[in-house]
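Peer 1: Have a look; sequence and predicted model below, questions after that.
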Amino acid sequence: MNRNATDSPVSASFLKSESRNLGSFLALMFSFPALRDWLQFIVVGGILDALRRTLSELWARCLAFFFISVSFQEDDPCYDWMMVWLSKHPSWNGARDLEITTRSFGLASKGLLLPNEEGESGARKLAFLPSLSKTHTMWYKHRWLTVCRFRNNTGYYGRAEETLTFSIMTRDHKILASLLREAKDAYKAAQEHSISIYISDTGYHETWRHVASRPKRPLQSIVLDPGVKELLLNDAREFLESKEWYVDRGIPFRRGYLLYGAPGTGKTSIIHSLAGELGLDVYIISLSKAGMDDGKLSELLSELPEKCIAIMEDVDVAFHQSITREPGPSSPAKTSSESTSTFVTKGSPPSSSRLTLSGLLNALDGVGAQEGRILYATTNKYHALDPALCRPGRMDLHLEFKLASRLQAKELFKCFYLPVSSRNKFGAIAEEGSGSPDCSDSGTEDECKFPACVRDTRQSTLHPVDAQAGDQGCEEAPHGPKDILVFASCFAGTIPDREFSMASLQGYLMGYKQQPCNAVRHAPAWVKKEKATSNRLHVLQIGSRG
């Protein structure tokens with residue numbers, strides 16, 4: 001008891017002493033006018049900042065009550081819809097702060113031209129857009145609308161990404177839906193005669209990025225063996241219309257096509273044309289891209305839209321160590337169960353892709369694979385591909401693209417030189433045999449019945465770049481559709497069957513875009529020259545292997 005009584009006065013005296021010291025310290029501190037002023041500033045500043053935050057929160061709540069705000073990211077397709085809609089909005093005619101751009105956002109530009117540029121075919125059109133980091137106001141259906149663009153370096157590898165924010169004074173979501181529908185319809189209408197091309201965007205996460213829009217290619221401009229175009233088009237249309245059939249039977253709603261054959265035979269061209277006919281966007285998958293691995297490929301394929309065309313070109317050369325049945329440069333052939341590493345073809349540089357066969361197979365038909373898409377894979381070495389990659393369910397339809405036949409050479413010639421308006425009419429006449437002789441068995445142009453412009457002329461042995469003299473008669477003579485049909489048959493007669501690709505024939509005819517007569521006259525010399533070149537290359541390849 002005595003000890004506790006002794007401790008209590010000591011504690012009380014200690015606390016009293018500490019209080020006196022603290023009071024003395026505060027009195028000393030407040031004795032300095034500058035310090036007293038600083039403390040007042042801190043207190044007042046804290047109160048004002050709290051008021052500012054409170055008012056900002058109240059203002060944000062008021063705006064949220066009266067406004068609907070939406071944001072659009074640059075890597076999303078709807079961003080392009082809204083930017084095209086903004087570029088056409090009439091409010092920019094009187095704007096005082098704006099950005100001028102030549103960007104078309106994937107569409108054929110319908111903007112403005114500078115004065116005195118109306119007659120220049122190559123002049124780039126301009127469009128008005130809201131300036132960056134500025135708030136712009138306009139009206140939409142009698143509602144106040146504010147627009148703001150921001151750019152941040154938050155993209156992968158430091159790539160700048162834009163964000164577009166719309167705030168519209170309404171509580172009715174139907175107004176927002178109307179704005180989005182109007183922008184989307186305008187974009188789709190402008191894109192009616194083109195297809196969108198997407199590629200994978202490099203980064204930690206793989207995403208799709210719109211890179212271009214290309215005009216639709218008419219199916220009739222693709223010259224293939226009879227029935228090939230119709231088979232591919234009808235099969236794809238039937239697939240797109242059969243979703244319920246697939247679902248009812250528990251079959252994954254996917255379709256794969258393997259197009260194989262020599263280079264330049266039209267594999268990629270027909271895919272481009274089919275995309276236009278089906279009205280589908282094209283997504284290009286680069287298997288040999290730097291950094292590509294199994295996870296990124298699966299992520300890419302899972303993010304494909306439900307209806308689209310995905311392209312994997314040259315799957316036989318996209319990896320590092322053989323996924324094919326061909327042996328590598330210094331190792332024996334591997335079976336499909338062993339071929340899970342990447343491969344490189346002989347003589348090609350090493351790639352940084354880490355994609356494996358098993359990863360590719362799982363991405364094509366695994367649990368996370370997107371349904372509704374159409375996949376086209378192309379290869380020049382069909383028999384070297386692993387059977388696991390080619391089986392139904394992954395590649396359902398295999399189609400060979402051969403070197404050009406004489407019939408294809410004839411149709412290509414007609415496609416080059418017959419007017420579009422008369423192509424169908426005179427093509428039907430030719431099929432009936434009433435307009436053009438068949439020279440496909442003669443092998444030379446001398447046995448064909450040429451029009452007067454090339455009759456009794458000497459066959460030139462020069463390439464079109466070198467052949468100048470002796471062609472004046474051909475250049476000046478008018479050529480009607482019936483003459484073109486005769487030329488087409490004679491041109492086909494000079495082309496060996498299944499020895500040249502359609503790309504090489506097209507390249508030859510490009511040298512005579514306005515000279516069908518000269519194209520026929522110089523064809524035998526061109527064939528002879530190409531054969532000699534091919535033979536030399538063949539000899540060199542044999543020598544390098546030895």
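Peer 2: The structure has been received and is ready for your questions.
Peer 1: quick one, what contacts Ala95?
Peer 2: Going by Cβ atoms under 8 Å, 6 or more residues apart in numbering, Ala95 touches Phe128, His136. Just so you know, the C-beta spots here come from the backbone N, C-alpha and C atoms, and that holds for glycine as well.
Peer 1: Phi, psi for it please.
Peer 2: As for Ala95, its main-chain torsions (degrees, to the nearest 10) stand at phi -70, psi 150.
Peer 1: How is this structure divided into domains?
Peer 2: Per automatic domain parsing, the structural domains of the chain span 65-109+124-192, 207-401, 406-534.
Peer 1: sec struct for Tyr40, please.
Peer 2: Tyr isn't right for residue 40; it's Gln. Following DSSP: H, G, I helix; E, B strand; the rest coil, Gln40 is assigned to helix.
Peer 1: quick one: it from Thr101, how far?
Peer 2: 52 Å (Cβ to Cβ, to the nearest Å).
Peer 1: what's the answer for Tyr257, then?
Peer 2: Per Cβ to Cβ, Tyr257 is found 39 Å from Thr101.
Peer 1: Kindly report the same for Thr268.
Peer 2: 32 Å.
Peer 1: Please apply the same query to Thr135.
Peer 2: Distance from Thr135 to Thr101, by Cβ to Cβ: 19 Å.
Peer 1: Comparing these two, which shows the higher neighbour count?
Peer 2: Each of Thr135 and Thr101 has its neighbours counted (other Cβ atoms under 10 Å); Thr101 has more, 16 against 13.
Peer 1: ok, the more buried one - contacts?
Peer 2: Neighbouring residues of Thr101 by Cβ under 8 Å, 6+ apart: Leu126, Ala127, Leu129.
Peer 1: what about the second one, which SS state?
Peer 2: Going back to what we said before, that points to Ala127. Classified using three-state DSSP, Ala127 is strand.
Peer 1: can I assume it is in contact with Ile100?
Peer 2: Yes - between Ala127 and Ile100 there is a contact under Cβ atoms under 8 Å: 7.4 Å.
Peer 1: who has more neighbours, the two?
Peer 2: Just comparing Ala127 and Ile100: by other Cβ under 10 Å the higher neighbour count belongs to Ala127, 22 against 12.
Peer 1: Pairing partners for the more buried one in the sheet, please.
Peer 2: On the basis of DSSP bridges, Ala127 is bridged to Thr101.
Peer 1: do you know how far it is from Glu182?
Peer 2: Counting by Cβ to Cβ - Ala127 and Glu182 are separated by 18 Å.
Peer 1: ok, how many other residues are close to the nearest residue to Pro516 once chain neighbours are set aside?
Peer 2: Leaving out its chain neighbours, the residue that sits closest to Pro516 by Cβ to Cβ, 6 or more residues apart in numbering is Tyr417, at 4.4 Å. The burial count assigned to Tyr417 is 24, neighbours taken as other Cβ under 10 Å.
Peer 1: For Tyr417, give me the pLDDT.
Peer 2: Tyr417 carries a pLDDT value of 93.
Peer 1: give me every residue that touches it.
Peer 2: Counted by Cβ under 8 Å, 6+ apart, Tyr417 has contacts His479, Ile484, Phe487, Ala488, Pro516.
Peer 1: which one of those sits closest to His193?
Peer 2: Ile484 (27.1 Å; Cβ to Cβ).
Peer 1: Hmm, Pro516 and that closest one touching each other?
Peer 2: Yes - assessed by Cβ under 8 Å, Ile484 is found in contact with Pro516 at 6.0 Å.
Peer 1: Please, where are all the strands along the stretch 351-500 of the chain?
Peer 2: For the stretch 351-500 of the chain, the strands defined by DSSP state E, counting those that start in this stretch cover 374-379, 397-401.
Peer 1: how about Leu164, secondary structure?
Peer 2: strand.
Peer 1: Any figure for the gap between it and Asp97?
Peer 2: For Leu164, the distance to Asp97 - Cβ to Cβ - is 16 Å.
Peer 1: Now do stretch 213-231, average pLDDT.
Peer 2: For stretch 213-231, mean pLDDT is 93.
Peer 1: Same question for stretch 187-199.
Peer 2: Average pLDDT, stretch 187-199: 87.
Peer 1: what about that stretch, how long is it end to end?
Peer 2: Stretch 187-199 has an end-to-end distance of 20 Å (Cα to Cα, to the nearest Å).
Peer 1: What residues of that stretch count as buried?
Peer 2: For stretch 187-199, the neighbour count (16 or more other Cβ atoms under 10 Å) marks Tyr187, Ala190, Gln191, Ser194, Ile195, Ser196, Ile197, Tyr198, Ile199 as buried.
Peer 1: How about stretch 86-101?
Peer 2: For stretch 86-101, the neighbour count (16+ other Cβ under 10 Å) marks Leu86, Ser87, His89, Ser91, Trp92, Ala95, Thr101 as buried.
Peer 1: From the chain's centroid, how far away is that stretch?
Peer 2: Remark: stretch 86-101 is offset 29 Å from the chain centroid, using Cα atoms, centre = their mean, to the nearest Å.
Peer 1: Same check on stretch 37-47?
Peer 2: With Cα atoms, centre = their mean, you get 59 Å for stretch 37-47.
Peer 1: Restrict it to CA atoms and write it as CSV.
Peer 2: In CSV, the C-alpha atoms belonging to stretch 37-47 read as follows (Å, rounded to 0.1, in the frame of the first residue of the first chain):
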residue,chain,number,x,y,z
ASP,A,37,1.4,31.9,-40.6
TRP,A,38,2.6,28.6,-42.1
LEU,A,39,0.5,26.6,-39.7
GLN,A,40,-2.5,28.8,-40.5
PHE,A,41,-1.9,28.2,-44.2
ILE,A,42,-1.8,24.4,-43.7
VAL,A,43,-5.0,24.4,-41.7
VAL,A,44,-6.9,26.6,-44.1
GLY,A,45,-5.4,24.8,-47.1
GLY,A,46,-6.6,21.4,-45.7
ILE,A,47,-10.1,22.8,-45.2
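Peer 1: Before I go, just wanted to say thanks for your time.
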